[in-house]
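Q: Sequence first, predicted coordinates after that:
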Amino acid sequence: MAITDYSIAAFDIQKIWADFPILSREVHPGVPLIYLDSTATSQKPLQVIAAMDEFYRRSNANIHRGIHALAEESTAAYESARERIAAFIGAATPREVIFTRNTTESINLVTQSWGRANLNPGDVVILTEMEHHSNLVPWQMLAQERSLRLEFIPVTGDGLLDLDEYARLLTLDPKMVAFTHMSNVLGTINPATEIIRMAHEIGALTLVDGAQSVPHLPVDVQALDADFVAFSAHKMLGPSGIGILYGRKALLEAMPPFLGGGDMIKRVELRSFQSNALPYKFEAGTPAIAEAIGFGSAVDYLADLGMEAVEQHERQIITYALERLEEIPGVKVFGPAAEHRGGVASFTLPEAHAHDISQILDADGIAVRAGHHCAMPLHTKFGIPATARASFYIYNTLEEVDRLVDGIYKVKQLFA
Ligand code: C6P
């Protein structure tokens, strides 16, 4: 699609489009792509693709194991990626940045390692009603095993967390408060600093699901004062198969390893082992090396744009998108006003199921996600089985919002 709308860009959108080859393809003959599904996974710029290609062409070798030139190059590239990611989130040291497979694995690392070591029958863990299954099911599994009590901060009708009820739940003396920084369905940006401060006041630890916030907002883990933060590369211009668990050094040092195997040990005997130092203690086996290098390149790309500019760009798009969607008779958009949300708009139409909406939009090249978006309890709370979800990132334009709105009118005509 030709981009003519530059007026809102906090940065040079035409240059950005040139970096994302996939945005120029046709998805059906003669039908260009309009990609509005970055909350599921983002597209990747040439710089990320080139960094991974270059690694396999020139430097491929296992890390931390060889003394030959390629092994040293690949180890240096892998560790340099960790350093740049640590700087990107403001970690005190790269040793607090653990490579995992994704946000889901990062959260499971916390439940299985920290949780098993620290939680006992009757202990309370606070979650919220807007959690993705990734920050729900791992806690449910641990709760079953350890007879924990899970409590939930309610979501108000306008898609915000009820902080008065949170204050009341804190009187139950929870050991952990685990919450999403930004909802993948409602787009709500939760007041993470306040939630963490309140938890710390009563001595609880906090886990921030940053899957949607780290890609879209400036996130500084020390300014947040977070204990754990989980996020995935694939939602922030990087490859799939790699994510991060940030954890405070003292906490990570006290935690037992999550997976056992190579690289996570200092010494092994037939009947015992000694764990390696951080961060390697939590990185068993050969990791996703090329993916880590691609991830490093992705954070360089975002840091060059500036996360304030990324946030501003998406705020302008979502403000316009909410205005335009609300013009359409019968459309119900879930979630708060634009000032409290990132670039996510989940909606329903009375005439058509979310899957039909998505299928008809696809015929016009518009990619949106339909379903429960791995947040079934939230959909149950709102009394709906599914929503259609348009989500925006650095490469989206106001013009694409107009195309989405035209597409929704087409759906309404077809189902009238
Ligand atoms: N949400 C979506 O379409 P993984 O799959 O581990 O990279 O991320 C899991 C995850 C955790 N928390 C939040 C808030 C998320 O949005 C996601 C992923 C995608 O909404 C895929 S279900």
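A: That came in fine, so what should we check first?
Q: Tell me the pLDDT of the residue of the chain most remote from its centre.
A: With CA atoms, centre = their mean as the measure, the chain has its most outlying C-alpha, relative to the mean C-alpha position, at residue 270: 40.1 Å. Residue 270 is assigned a predicted lDDT (pLDDT) of 98.
Q: The ligand contacts on the stretch 1-150 of the chain?
A: Near the ligand, the residues belonging to the stretch 1-150 of the chain are 39-40, 102-104, 132, 134-135 when assessed by CB under 6 Å from any ligand atom. Just so you know, the C-beta spots here come from the backbone N, C-alpha and C atoms, and that holds for glycine as well.
Q: Now name the helix or strand holding residue 292.
A: Secondary structure assignment for residue 292, by DSSP states H and E: helix 289-305.
Q: avg pLDDT for that helix?
A: Per-residue pLDDT over helix 289-305 has a mean of 98.
Q: all numbers from here: first residue = 686
A: Noted, 686 is the first residue going forward, which turns the last one into helix 974-990.
Q: what sits up against the following helix or strand past that helix?
A: Where DSSP H and E defines the elements, the next helix or strand beyond helix 974-990 is helix 992-1012. Helix 992-1012 has contacts (CB atoms under 8 Å, 6 or more residues apart in numbering) with 693-696, 872, 901-904, 987, 1016, 1018, 1022-1023, 1026-1030, 1032, 1075, 1077-1079, 1081-1083, 1086-1087, 1089-1090, 1093.
Q: Now which of these would you call buried?
A: When the contacts of helix 992-1012 are checked for burial by 16 or more other CB atoms under 10 Å, the buried set is 694-695, 872, 901-904, 987, 1016, 1018, 1023, 1026-1030, 1032, 1075, 1077-1079, 1081-1083, 1086, 1089-1090, 1093.
Q: on that earlier part again, just checking, what packs against the helix holding residue 977?
A: Judged by 3 or more CB pairs under 8 Å, 6 or more residues apart in numbering; DSSP states H and E, helix 974-990 is in contact with helix 731-739, helix 754-773.
Q: Among the contacts of helix 992-1012, which lie within strands?
A: Using DSSP state E, the members of the contacts of helix 992-1012 that fall within strands are 1018, 1029-1030, 1032, 1075.
Q: With distance to residue 803 as extra columns, can I get the residues you listed in a markdown table?
A: Supplementary listing: the ones in strands among the contacts of helix 992-1012 in a markdown table, determined by distance: CB to CB, whole Å:
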| residue | distance to residue 803 |
| --- | --- |
| 1018 | 40 |
| 1029 | 33 |
| 1030 | 39 |
| 1032 | 41 |
| 1075 | 40 |
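Q: Take those and write them to CSV, including distance to the ligand and pLDDT.
A: Converted to CSV, those look like this (distance: CB to the nearest ligand atom, whole Å; pLDDT from 0 to 100):
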residue, distance to the ligand, pLDDT
1018, 16, 98
1029, 9, 98
1030, 13, 98
1032, 15, 98
1075, 12, 98
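Q: so which of the residues you listed comes closest to residue 914?
A: For the ones in strands among the contacts of helix 992-1012, the minimum distance to residue 914 (CB to CB) is 19.4 Å, reached by residue 1029.
Q: Please tell me I have it right and the closest one contacts residue 874.
A: No - with contacts counted by CB atoms under 8 Å, residue 1029 stays clear of residue 874, the gap being 10.0 Å.
Q: Quickly list what's touching both of these two.
A: residue 867.
Q: Let me see the ranges of the helices in the stretch 686-835 of the chain.
A: Chain-ordered helices for the stretch 686-835 of the chain, with DSSP state H, counting those that start in this stretch as the definition, fall at 698-704, 731-739, 754-773, 788-794, 801-803, 822-831.
Q: got JSON lines for the ones you listed, with distance to residue 966, mean pLDDT and mean neighbour count too?
A: Putting the helices of the stretch 686-835 of the chain into JSON lines (distance: least, CB to CB, whole Å; pLDDT from 0 to 100; neighbours: other CB atoms under 10 Å) gives the following:
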{"stretch": "helix 698-704", "distance to residue 966": "37", "mean pLDDT": "95", "mean neighbour count": "15"}
{"stretch": "helix 731-739", "distance to residue 966": "26", "mean pLDDT": "98", "mean neighbour count": "17"}
{"stretch": "helix 754-773", "distance to residue 966": "14", "mean pLDDT": "97", "mean neighbour count": "18"}
{"stretch": "helix 788-794", "distance to residue 966": "11", "mean pLDDT": "98", "mean neighbour count": "25"}
{"stretch": "helix 801-803", "distance to residue 966": "13", "mean pLDDT": "98", "mean neighbour count": "13"}
{"stretch": "helix 822-831", "distance to residue 966": "20", "mean pLDDT": "98", "mean neighbour count": "17"}
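Q: now those in a markdown table, with distance to residue 1061?
A: Converted to a markdown table, the helices of the stretch 686-835 of the chain look like this (distance: least, CB to CB, whole Å):
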| stretch | distance to residue 1061 |
| --- | --- |
| helix 698-704 | 34 |
| helix 731-739 | 32 |
| helix 754-773 | 31 |
| helix 788-794 | 16 |
| helix 801-803 | 26 |
| helix 822-831 | 10 |
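Q: In terms of helix, strand or coil, where does residue 862 fall?
A: Residue 862 falls in the strand class when you classify it by DSSP: H, G, I helix; E, B strand; the rest coil.
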